[in-house]
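1. Below are the sequence and a predicted model for it; my questions follow.
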Number of protein chains: 2
Amino acid sequence: MGDYTKMWTELGLDLKGHDALLSVLGGAYTNIFLSQKNRPEGMKYFDFVMSEVHGLRIQELMDAKIQGRKVIGSYCVFVPEELILAVDGVSVGLCAGAEFNFEGAETMLPRNTCALIKSAFGFKLGQVCPYLEASDVVIGENTCDGKKKSYEMLAPLVKDLYVMDMPQMKSESGRTLLKEEYRKLIDKLEKVSGKKVTVESLQKGINIVNAKRDALRRLTELRAADPAPISGLDALLVNQVFFYDDPVRFTDSVNKLCDELEDRVKKGIGIFPKGTTRVIVSGCPMAVPNWKLPMLIESVNAVIVGEESCVGERGARWITELKGKTVDDLLDTITERYFNIDCAIFTPNPSRLAYIKEMSKKLKADGVIHYSLQFCQPYIMESGPVEKNLEKSGIPTILLETDYSEQDAGQLKTRIEAFVERLHKK
Amino acid sequence: MGDYTKMWTELGLDLKGHDALLSVLGGAYTNIFLSQKNRPEGMKYFDFVMSEVHGLRIQELMDAKIQGRKVIGSYCVFVPEELILAVDGVSVGLCAGAEFNFEGAETMLPRNTCALIKSAFGFKLGQVCPYLEASDVVIGENTCDGKKKSYEMLAPLVKDLYVMDMPQMKSESGRTLLKEEYRKLIDKLEKVSGKKVTVESLQKGINIVNAKRDALRRLTELRAADPAPISGLDALLVNQVFFYDDPVRFTDSVNKLCDELEDRVKKGIGIFPKGTTRVIVSGCPMAVPNWKLPMLIESVNAVIVGEESCVGERGARWITELKGKTVDDLLDTITERYFNIDCAIFTPNPSRLAYIKEMSKKLKADGVIHYSLQFCQPYIMESGPVEKNLEKSGIPTILLETDYSEQDAGQLKTRIEAFVERLHKK
């Protein structure tokens, strides 16, 4: 990585803290990702992206800003990248995946707050997230109670926090509310960017994002093969980079990776031997560098073949239909697309359970590992009924609850080993 | 109390568990309430109500049912009693204030669930809440994540669970959503009761509920006197009985109590000496028999002069304006009334903070004790900023987080004592 000290200083980063963070991040990446055997060549692109995630990519954002484009940061898959692209903005996911400066975060937030929210505050208070510092607007959303209420405290800390309201039910009024919120978001984006959302610009945005999702869909389908052509860790990484990278370049890189994986599948080449125990991870999102659980799972003779998560299928699987002749028509199809997302904030949320079953079948999983972040009420509340129902349908399931610390790694590994052993005997 | 065994059996109560509960409840009531010195005569009515809370009052519900009236149970102040009365229904709050059968509740709910929700499940699974068993419909609401998601699990356990959606912001769409939900609730109530909501029946319902609230307003205002004419424990009890009792009789009894308290104020008679340290309790609702915190506070030479809580001011303070000539007009004023409620589920929620300050001033409080139920994210999230802001305004504030167990009573008492000492020195 080149010397970005000047850029980081201009962004107001705390250089000492940031150096410490990058050093830990780099070490973890080397240990977890680069140590994997038999990785696809196509992962080299993602290795490069990760090595430059606070460097070259931020430089690109700064260049885009010089060209008059706006950087829009967000924390949730309910924020439509299509709309951001339609005003020629750059959409970036914001840092919330590491236990950084939790002492600082806990001066503002209750201790019983999920690690993802604490992490967002830790990064902000520690001034170590260049994505956040580069953002012209941060878009929050009223999903869970934790995020909803913490945005009230984040607002005075960031340049321009804009909070979208969210429905809680998949009702007609829920749909109306979501569309209305997207309409207001367009107003906000137009105001910030000084550019108008037109039918053409919105169609272009939809096409770019759909292509990203199509590429991820190819990746998902290829993971149905036995042996799995790619590790769960690498597939998760691709899903994580989805939120940071230039969308066109990302799509191209995923498609190249998929070409290689197709070839692997034809030749029966896998990352683990044929017959390796296959699991799906379902539950809370895993933001970079939250790799603890998949690392543990793939260290005990199991391979993850799918992520039912916002950083995974739940975030990427639906396509926005390109129909209609007005911005309002397109807003309908965008609303339609995002209203499908089966986040646990919705009540009831039966389609999530149905899709875990469908994924298990399609991807030939032997079992499901349900992952909840501690204190994430929506997913933890849903996990009990999900477990009961999956087990009843003959899909072995284990519930794991954890945070971003390494303290429970040994205990988690023991439980995962026992679960994989159970699947193996099946 | 008479012999209600037959009625309880018919309701499907678990008699053994129910006996155990009543015995604990009766003992606690004697120790906490009847041991108070110098109580107003008017509290005798509430003592009687409490002694018959699972007896005579349930008999009344059963008699009402025989007369064709429906019993509608609920857990939240967003459920308008006006609408229930408009179909000649009986509105009852449901049991959620005691640590009963938490082992059972935790077979369905995560351990990190607030005591109020666990309690509702404990009572249901243990079959010891005659109000729940007598309810023809239970009305849930999408307030916090915990309640929203737990209703999915409660639904199969009760006869007829109807869940109202809730807004999360005080926006125009929020108001529209609430009104729409109230309209749907009318449909549901009409269907269940076989009776139509008319302008006359709705006006009658509004008048009955407004009278209840007016009586409570008198009570609130009388507590501004020094010495306080009534203990915080007794005032809380009145606010708790609000949810169970026949509304007209309740109003009459509160007004009689207030007549007596007015006389006390004139004569300078108080429950504690003049100059006793005065506090307001603000935060989560306290359902019967959740008396732990007020008991501790009033055991250390302090008097509670107000409750900024759903079982208190937040639940009762607004009046529904009687204006308009159609059911839809009246629905507007009802929506207007309930949309004022400054529950922490709303974001942002500045009026709650403003009202705590207003209460502190009007009731001449020396400080605020912020009470959060463990794992109640909305109130716990709000408590930090509330504390900072109140302290900045010169109102000493302490944050307490607890559940329904007695295990932390000693620790709480020590903290409360130190806080009262701080107020005393001021």
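-> Alright, I've got the coordinates.
2. Report the secondary structure state of the residue nearest the centre of chain A.
-> Nearest residue to the geometric centre of chain A (CA atoms, centre = their mean): residue A:311, 2.8 Å. Classification of residue A:311 using DSSP: H, G, I helix; E, B strand; the rest coil returns coil.
3. Can you tell me how far it is from chain B?
-> 20 Å (CB to the nearest CB, to the nearest Å). Quick note: C-beta positions are derived from backbone N, CA and C, even for glycine.
4. And residue A:341, by the same measure?
-> From residue A:341 over to chain B (counting by CB to the nearest CB), the distance is 16 Å.
5. quick one: contacts for that residue?
-> Residue A:341 makes contact with A:77-78, A:310, A:314-315, A:318, according to CB atoms under 8 Å, 6 or more residues apart in numbering or on different chains.
6. related to what we said a few turns ago, from what I see, the residue nearest to the centre of chain A and residue A:238 are in contact.
-> No: using CB atoms under 8 Å, residue A:311 makes no contact with residue A:238, being 10.0 Å away.
7. For the residue nearest to the centre of chain A, give its distance to residue A:153.
-> 24 Å (CB to CB, to the nearest Å).
8. How many residues are close by the nearest residue in space to residue A:375 that is not next to it in sequence?
-> Excluding the flanking residues, the one nearest residue A:375 by CB to CB, 6 or more residues apart in numbering or on different chains is residue A:114, at 4.6 Å. By other CB atoms under 10 Å in any protein chain shown, 25 other residues sit near residue A:114.
9. List the residues that contact residue A:114.
-> Contacts of residue A:114 (CB under 8 Å, 6+ apart): A:146, A:284, A:373-376, A:403.
10. Where strands are concerned, which of the residues you listed count?
-> Judged by DSSP state E, strands contain the following of the contacts of residue A:114: residue A:373.
11. interface residues of the stretch 251-400 of chain A facing chain B?
-> Within the stretch 251-400 of chain A, the residues that sit near chain B (CB under 8 Å from any CB of the partner chain) are A:344-345, A:347-349, A:374-375, A:377-378, A:380-385.
12. Closest one to residue A:30 out of these, please.
-> Using CB to CB, residue A:374 comes nearest to residue A:30 of these, at 27.7 Å.
13. what's around the closest one, how many residues?
-> 18.
14. My read is that it contacts residue A:115, right?
-> Yes: look at residue A:374 against residue A:115 with CB under 8 Å: they come within range, at 6.9 Å.
15. What residues does the residue nearest to residue A:304 when sequence neighbours are not counted make contact with?
-> In this structure, residue A:304 finds its nearest non-sequential neighbour in residue A:232, 2.4 Å apart by CB to CB, 6+ apart. Applying CB under 8 Å, 6+ apart to residue A:232 gives the contacts A:281, A:294, A:297-298, A:303-305, A:307.
16. let's go with 6 Å and repeat that
-> By CB atoms under 6 Å, 6 or more residues apart in numbering or on different chains, residue A:232 lies in contact with A:294, A:298, A:304.
17. Which ones among those residues lie within strands?
-> Under the assignment DSSP E, these contribute residue A:304 to strands.
18. May I see the buried residues of the helix of greatest length in chain A?
-> Longest helix of chain A, by residue count under DSSP state H: helix A:199-222. For helix A:199-222, burial by neighbour count (16 or more other CB atoms under 10 Å in any protein chain shown) applies to A:201-203, A:205-206, A:208-213, A:215-220, A:222.
19. And for stretch A:229-247?
-> Neighbour-count burial for stretch A:229-247, counted by 16+ other CB under 10 Å, picks out A:229-247.
20. And stretch A:150-161, by the same measure?
-> Quick answer for stretch A:150-161 (16+ other CB under 10 Å): A:150-154, A:158, A:161.
21. so where do the helices sit in the stretch 301-426 of chain A?
-> Using DSSP state H, counting those that start in this stretch, the helices found in the stretch 301-426 of chain A span residues A:313-316, A:327-339, A:350-362, A:377-392, A:409-425.
22. Mind giving me the packing neighbours of the second one?
-> Packed against helix A:327-339, as judged by 3 or more CB pairs under 6 Å, 6 or more residues apart in numbering or on different chains; DSSP states H and E, are the following elements: helix A:172-193, helix A:199-222.
23. between those helices, which gets nearest to residue B:99?
-> Each of the helices and strands packed on helix A:327-339 has some distance to residue B:99 by CB to CB; the shortest is helix A:172-193, at 35.4 Å.
24. Other residues contacting that closest one?
-> Helix A:172-193 is contacted by residues A:70, A:83, A:87, A:89, A:137, A:162, A:164-165, A:167, A:196-197, A:331, A:335, A:339, B:173, B:177, B:180 when judged by CB under 6 Å, 6+ apart.
25. Find residues that contact each of residue A:374 and residue A:115.
-> Here residue A:374 and residue A:115 have residue A:403 as joint contacts, going by CB under 6 Å, 6+ apart.
26. what sits against the residue of the stretch 101-250 of chain A found nearest chain B?
-> Nearest residue of the stretch 101-250 of chain A to chain B, counting by CB to the nearest CB: residue A:149, 3.5 Å away. Residues in contact with residue A:149 (CB under 6 Å, 6+ apart) are B:378, B:381.
27. isn't there a helix covering it?
-> Yes: assessed with three-state DSSP, residue A:149 lies in a helix.
28. from memory residue A:243 sits against residue A:93, does it?
-> Yes: counting by CB atoms under 6 Å, residue A:243 touches residue A:93, with 3.0 Å between them.
29. Give the closest residue to the residue of the stretch 301-426 of chain A found nearest chain B in space, chain neighbours not counted.
-> Across the stretch 301-426 of chain A, the shortest distance to chain B (CB to the nearest CB) belongs to residue A:381, at 3.5 Å. The spatially closest residue to residue A:381, leaving aside those adjacent along the chain, is residue B:149, at 3.5 Å (CB to CB, 6+ apart).
30. The residue nearest to residue A:315 when sequence neighbours are not counted: how many residues sit nearby?
-> Closest residue to residue A:315 apart from its sequence neighbours, by CB to CB, 6+ apart: residue A:77 at 4.1 Å. With neighbours defined by other CB under 10 Å, the count for residue A:77 comes to 23.
31. Can you check what pLDDT the model gives residue A:77?
-> Residue A:77 carries a pLDDT value of 97.
32. That one against residue A:310, yeah?
-> Yes: counting by CB under 6 Å, residue A:77 does reach residue A:310; the two are 4.7 Å apart.
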